[in-house]
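**Q** just the structure for this:
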Amino acid sequence: MIRAIIFDLDGVLVQTEKLKARAYALAVQQIRNLPEPDARAGEAYREVVGAQREVTSRHVMDKLGLEKELRSLMSQYGVSEPWEALTAVRYQIYDKMVSDPQVIRDNQWSYTVDLLRVAKETACLTALTTLSKRKDVLHVIRSLDIEPLLDVILTAEDVTRGKPDPEIYLLAAQRLEVPPEHCLVLEDTVNGIKSAQSAGMNVVAIATPFTNASIHTSEIIKEAWIVHEPEKVAEVVRQRIEEHNLTDH
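**A** Down below sits the predicted model:
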(Lines give C-alpha, C1' and ligand atoms only; values in the text may rest on other atoms or scores of the structure.)
Protein backbone atom coordinates (compact mmCIF):
# COMPACT_ATOMS: atom_id res chain seq x y z
CA MET A 1 0.00 0.00 0.00
CA ILE A 2 1.26 3.49 -0.88
CA ARG A 3 1.26 5.55 2.31
CA ALA A 4 3.56 8.42 1.33
CA ILE A 5 4.38 10.50 -1.73
CA ILE A 6 7.89 11.94 -1.87
CA PHE A 7 8.69 14.82 -4.19
CA ASP A 8 11.95 16.05 -5.60
CA LEU A 9 11.99 19.84 -5.96
CA ASP A 10 14.06 20.89 -8.97
CA GLY A 11 12.34 19.80 -12.15
CA VAL A 12 9.43 18.11 -10.36
CA LEU A 13 7.59 20.85 -8.51
CA VAL A 14 9.41 23.78 -10.10
CA GLN A 15 11.39 24.18 -13.31
CA THR A 16 14.41 25.45 -11.40
CA GLU A 17 16.75 23.24 -13.41
CA LYS A 18 16.07 25.46 -16.40
CA LEU A 19 16.92 28.51 -14.29
CA LYS A 20 20.10 26.88 -12.95
CA ALA A 21 21.26 26.03 -16.46
CA ARG A 22 20.68 29.67 -17.42
CA ALA A 23 22.67 30.79 -14.36
CA TYR A 24 25.65 28.65 -15.38
CA ALA A 25 25.53 30.11 -18.89
CA LEU A 26 25.47 33.64 -17.45
CA ALA A 27 28.27 32.79 -15.01
CA VAL A 28 30.58 31.69 -17.81
CA GLN A 29 29.64 34.80 -19.78
CA GLN A 30 30.69 36.91 -16.79
CA ILE A 31 33.90 34.98 -16.12
CA ARG A 32 35.06 35.14 -19.72
CA ASN A 33 33.56 38.55 -20.50
CA LEU A 34 31.58 37.12 -23.41
CA PRO A 35 28.99 39.10 -25.38
CA GLU A 36 26.33 36.41 -24.79
CA PRO A 37 25.56 33.70 -22.21
CA ASP A 38 27.56 30.54 -23.00
CA ALA A 39 24.99 27.93 -24.01
CA ARG A 40 27.62 25.19 -23.67
CA ALA A 41 27.62 25.73 -19.90
CA GLY A 42 23.88 25.08 -19.78
CA GLU A 43 24.31 21.93 -21.83
CA ALA A 44 27.12 20.71 -19.57
CA TYR A 45 24.89 21.24 -16.54
CA ARG A 46 22.13 19.29 -18.25
CA GLU A 47 24.48 16.27 -18.51
CA VAL A 48 24.79 15.96 -14.73
CA VAL A 49 21.53 17.53 -13.59
CA GLY A 50 20.42 16.20 -10.22
CA ALA A 51 23.95 15.70 -8.90
CA GLN A 52 25.51 17.53 -5.95
CA ARG A 53 26.74 21.08 -6.45
CA GLU A 54 30.41 20.05 -6.48
CA VAL A 55 29.78 17.46 -9.19
CA THR A 56 27.90 19.88 -11.42
CA SER A 57 30.37 22.74 -11.02
CA ARG A 58 33.37 20.48 -11.60
CA HIS A 59 31.72 19.06 -14.72
CA VAL A 60 30.96 22.49 -16.19
CA MET A 61 34.49 23.66 -15.31
CA ASP A 62 36.15 20.64 -16.95
CA LYS A 63 33.87 20.64 -19.98
CA LEU A 64 34.59 24.28 -20.77
CA GLY A 65 38.24 24.34 -19.63
CA LEU A 66 37.61 27.00 -17.00
CA GLU A 67 40.06 25.96 -14.30
CA LYS A 68 42.75 28.56 -15.04
CA GLU A 69 40.29 31.44 -15.07
CA LEU A 70 38.58 30.16 -11.92
CA ARG A 71 41.87 29.86 -10.02
CA SER A 72 42.36 33.59 -10.46
CA LEU A 73 38.97 34.19 -8.82
CA MET A 74 39.48 31.96 -5.77
CA SER A 75 40.80 34.70 -3.46
CA GLN A 76 38.08 37.11 -4.57
CA TYR A 77 35.39 34.66 -3.49
CA GLY A 78 37.29 33.28 -0.49
CA VAL A 79 37.31 29.68 -1.70
CA SER A 80 40.02 27.01 -1.87
CA GLU A 81 39.03 25.15 -5.05
CA PRO A 82 38.44 26.41 -8.61
CA TRP A 83 35.03 24.72 -8.86
CA GLU A 84 33.94 26.60 -5.74
CA ALA A 85 34.63 29.89 -7.51
CA LEU A 86 32.32 28.84 -10.34
CA THR A 87 29.70 27.82 -7.79
CA ALA A 88 29.99 31.22 -6.11
CA VAL A 89 29.53 33.14 -9.36
CA ARG A 90 26.65 30.92 -10.44
CA TYR A 91 25.02 31.09 -7.02
CA GLN A 92 25.07 34.92 -6.98
CA ILE A 93 23.38 35.01 -10.38
CA TYR A 94 20.81 32.35 -9.50
CA ASP A 95 20.06 33.89 -6.11
CA LYS A 96 19.29 37.23 -7.74
CA MET A 97 17.25 35.50 -10.44
CA VAL A 98 14.90 33.74 -8.02
CA SER A 99 14.76 36.44 -5.36
CA ASP A 100 11.50 37.55 -6.95
CA PRO A 101 8.79 35.05 -5.85
CA GLN A 102 6.96 35.72 -9.11
CA VAL A 103 9.84 34.19 -11.08
CA ILE A 104 9.41 31.01 -9.06
CA ARG A 105 5.64 31.00 -9.56
CA ASP A 106 6.12 31.57 -13.28
CA ASN A 107 8.33 28.47 -13.40
CA GLN A 108 6.10 26.24 -11.30
CA TRP A 109 4.90 23.11 -13.05
CA SER A 110 1.15 23.44 -13.43
CA TYR A 111 0.54 20.00 -11.94
CA THR A 112 2.15 20.81 -8.57
CA VAL A 113 -1.07 21.63 -6.74
CA ASP A 114 -2.81 18.67 -8.41
CA LEU A 115 -0.16 16.30 -7.06
CA LEU A 116 -0.51 17.62 -3.55
CA ARG A 117 -4.28 17.26 -3.89
CA VAL A 118 -3.82 13.60 -4.89
CA ALA A 119 -1.76 13.08 -1.74
CA LYS A 120 -4.54 14.53 0.38
CA GLU A 121 -7.27 12.54 -1.41
CA THR A 122 -5.36 9.28 -0.93
CA ALA A 123 -4.47 10.04 2.71
CA CYS A 124 -0.76 9.92 1.90
CA LEU A 125 1.92 11.65 3.90
CA THR A 126 4.18 13.98 1.91
CA ALA A 127 7.90 14.70 1.87
CA LEU A 128 10.24 16.89 -0.15
CA THR A 129 13.78 15.64 -0.79
CA THR A 130 16.28 17.87 -2.52
CA LEU A 131 20.02 18.53 -2.57
CA SER A 132 19.43 22.28 -2.75
CA LYS A 133 20.28 24.40 0.28
CA ARG A 134 17.56 24.76 2.93
CA LYS A 135 17.47 28.55 2.59
CA ASP A 136 16.75 28.27 -1.12
CA VAL A 137 14.23 25.48 -0.64
CA LEU A 138 12.22 27.38 1.95
CA HIS A 139 12.19 30.44 -0.30
CA VAL A 140 10.80 28.37 -3.18
CA ILE A 141 8.10 26.49 -1.27
CA ARG A 142 7.00 29.61 0.58
CA SER A 143 6.75 31.48 -2.72
CA LEU A 144 4.46 28.68 -3.92
CA ASP A 145 2.60 28.59 -0.58
CA ILE A 146 2.98 24.81 -0.25
CA GLU A 147 5.07 24.53 2.92
CA PRO A 148 2.02 23.61 5.08
CA LEU A 149 1.25 20.72 2.68
CA LEU A 150 4.58 18.97 3.30
CA ASP A 151 5.05 16.70 6.33
CA VAL A 152 8.83 16.36 5.95
CA ILE A 153 11.38 18.58 4.20
CA LEU A 154 14.93 17.28 3.65
CA THR A 155 17.68 19.37 2.06
CA ALA A 156 21.42 19.24 1.38
CA GLU A 157 22.15 19.99 5.04
CA ASP A 158 20.41 16.78 6.17
CA VAL A 159 22.63 14.28 4.34
CA THR A 160 26.29 13.56 3.75
CA ARG A 161 25.90 11.64 0.49
CA GLY A 162 24.06 12.96 -2.53
CA LYS A 163 21.93 11.19 -5.10
CA PRO A 164 22.25 8.54 -6.57
CA ASP A 165 23.07 7.34 -3.06
CA PRO A 166 19.76 6.39 -1.38
CA GLU A 167 20.55 8.18 1.90
CA ILE A 168 18.09 11.06 1.48
CA TYR A 169 15.20 8.74 0.56
CA LEU A 170 15.90 6.31 3.38
CA LEU A 171 15.97 9.26 5.77
CA ALA A 172 12.65 10.50 4.37
CA ALA A 173 11.05 7.11 5.01
CA GLN A 174 12.46 7.11 8.53
CA ARG A 175 11.14 10.61 9.27
CA LEU A 176 7.74 9.75 7.80
CA GLU A 177 7.73 6.44 9.72
CA VAL A 178 6.72 4.66 6.51
CA PRO A 179 8.55 1.61 5.09
CA PRO A 180 10.38 2.41 1.82
CA GLU A 181 8.26 -0.06 -0.16
CA HIS A 182 5.16 1.94 0.81
CA CYS A 183 6.56 5.19 -0.62
CA LEU A 184 5.95 6.60 -4.10
CA VAL A 185 8.64 8.97 -5.38
CA LEU A 186 8.39 11.58 -8.13
CA GLU A 187 11.74 12.28 -9.76
CA ASP A 188 12.93 13.68 -13.08
CA THR A 189 16.67 12.94 -13.17
CA VAL A 190 18.63 9.71 -13.57
CA ASN A 191 20.51 10.30 -10.30
CA GLY A 192 17.28 10.95 -8.42
CA ILE A 193 15.51 7.95 -9.87
CA LYS A 194 18.45 5.66 -9.06
CA SER A 195 18.51 7.05 -5.53
CA ALA A 196 14.84 6.26 -4.93
CA GLN A 197 15.08 2.83 -6.56
CA SER A 198 18.11 1.96 -4.43
CA ALA A 199 16.06 2.87 -1.38
CA GLY A 200 13.49 0.27 -2.44
CA MET A 201 10.77 2.76 -3.35
CA ASN A 202 8.24 2.95 -6.16
CA VAL A 203 9.18 5.61 -8.71
CA VAL A 204 7.29 7.74 -11.22
CA ALA A 205 9.84 9.30 -13.58
CA ILE A 206 8.83 12.63 -15.08
CA ALA A 207 10.55 12.99 -18.44
CA THR A 208 10.76 16.77 -18.72
CA PRO A 209 12.24 18.44 -21.82
CA PHE A 210 15.35 18.93 -19.68
CA THR A 211 15.83 15.29 -18.65
CA ASN A 212 13.99 13.20 -21.24
CA ALA A 213 17.08 12.14 -23.21
CA SER A 214 19.14 11.07 -20.18
CA ILE A 215 16.24 9.07 -18.72
CA HIS A 216 15.76 7.13 -21.93
CA THR A 217 19.43 6.28 -22.34
CA SER A 218 19.55 4.80 -18.85
CA GLU A 219 18.66 1.32 -17.62
CA ILE A 220 16.32 2.84 -15.03
CA ILE A 221 13.43 2.91 -17.50
CA LYS A 222 13.00 -0.82 -16.97
CA GLU A 223 11.93 -0.29 -13.38
CA ALA A 224 10.33 3.16 -13.31
CA TRP A 225 6.95 4.35 -14.54
CA ILE A 226 7.66 7.14 -17.02
CA VAL A 227 5.38 10.09 -17.74
CA HIS A 228 6.14 12.17 -20.82
CA GLU A 229 3.29 14.65 -20.57
CA PRO A 230 3.55 16.73 -17.38
CA GLU A 231 -0.15 17.57 -17.41
CA LYS A 232 -0.90 13.86 -16.93
CA VAL A 233 1.37 13.34 -13.92
CA ALA A 234 -1.36 13.70 -11.28
CA GLU A 235 -3.61 11.29 -13.17
CA VAL A 236 -0.83 8.71 -13.48
CA VAL A 237 0.13 9.02 -9.82
CA ARG A 238 -3.48 8.50 -8.73
CA GLN A 239 -3.75 5.47 -11.04
CA ARG A 240 -0.48 3.95 -9.81
CA ILE A 241 -1.51 4.36 -6.17
CA GLU A 242 -4.84 2.64 -6.86
CA GLU A 243 -3.15 -0.21 -8.77
CA HIS A 244 -0.50 -0.69 -6.14
CA ASN A 245 -2.99 -0.69 -3.29
CA LEU A 246 -5.24 -3.19 -5.07
CA THR A 247 -2.39 -5.68 -5.43
CA ASP A 248 -1.78 -5.45 -1.67
CA HIS A 249 -5.25 -6.78 -0.88
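
**Q** going by C-alpha atoms from here, please, whenever you check contacts or count neighbours.
**A** Noted.

**Q** distance of Thr129 relative to Ala44?
**A** 24 Å (Cα to Cα, to the nearest Å).

**Q** who's more crowded, these two?
**A** Thr129 (25 against 21; other Cα atoms under 10 Å).

**Q** show the contacting residues for the more buried one.
**A** Contact analysis of Thr129 by Cα atoms under 8 Å, 6 or more residues apart in numbering lists 6-9, 153-155, 168-169, 172.

**Q** how does it look with 6 Å?
**A** When contacts are counted by Cα atoms under 6 Å, 6 or more residues apart in numbering, Thr129 is found next to 8, 154.

**Q** A strand includes Cys75, no?
**A** Quick fix: residue 75 reads Ser, not Cys. No - applying DSSP: H, G, I helix; E, B strand; the rest coil, one finds Ser75 to be helix, outside a strand.

**Q** what is the burial count for it?
**A** Ser75, neighbours per other Cα under 10 Å, totals 12.

**Q** ok, it - contacts?
**A** Listed by Cα under 6 Å, 6+ apart, Ser75 has no contact partners.

**Q** with Glu187 instead?
**A** Taking Cα under 6 Å, 6+ apart, we find Glu187 in contact with 8, 193, 205.

**Q** try 10 Å this time
**A** By Cα atoms under 10 Å, 6 or more residues apart in numbering, Glu187 lies in contact with 6-13, 50, 129, 193-196, 203-207, 224, 226.

**Q** got it, and Lys96?
**A** Neighbour list for Lys96: Ala23 [criterion: Cα under 10 Å, 6+ apart].

**Q** list the buried residues of the helix or strand it falls within.
**A** Using DSSP states H and E, Lys96 sits in helix 82-98. Neighbour-count burial for helix 82-98, counted by 16 or more other Cα atoms under 10 Å, picks out 82-91, 93-94, 97-98.

**Q** give me the below-cutoff pLDDT ranges for the protein.
**A** 208-224, 247-249 (pLDDT under 70).

**Q** would you state the strands of it in chain order?
**A** Ranges of strands in the chain, per DSSP state E, are 4-7, 125-129, 152-154, 183-187, 202-206, 225-227.

**Q** what packs against the first one?
**A** Strand 4-7 is packed against helix 112-121, strand 125-129, strand 152-154, helix 167-176, strand 183-187, strand 202-206, helix 233-247, with contacts defined by 3 or more Cα pairs under 10 Å, 6 or more residues apart in numbering; DSSP states H and E.

**Q** the third one now?
**A** Other elements packing on strand 152-154 under the criterion 3+ Cα pairs under 10 Å, 6+ apart are strand 4-7, strand 125-129, helix 134-143, helix 167-176.

**Q** Asn107 is nearest to which of those?
**A** Proximity to Asn107 (Cα to Cα) singles out helix 134-143 among the helices and strands packed on strand 152-154, at 10.5 Å.
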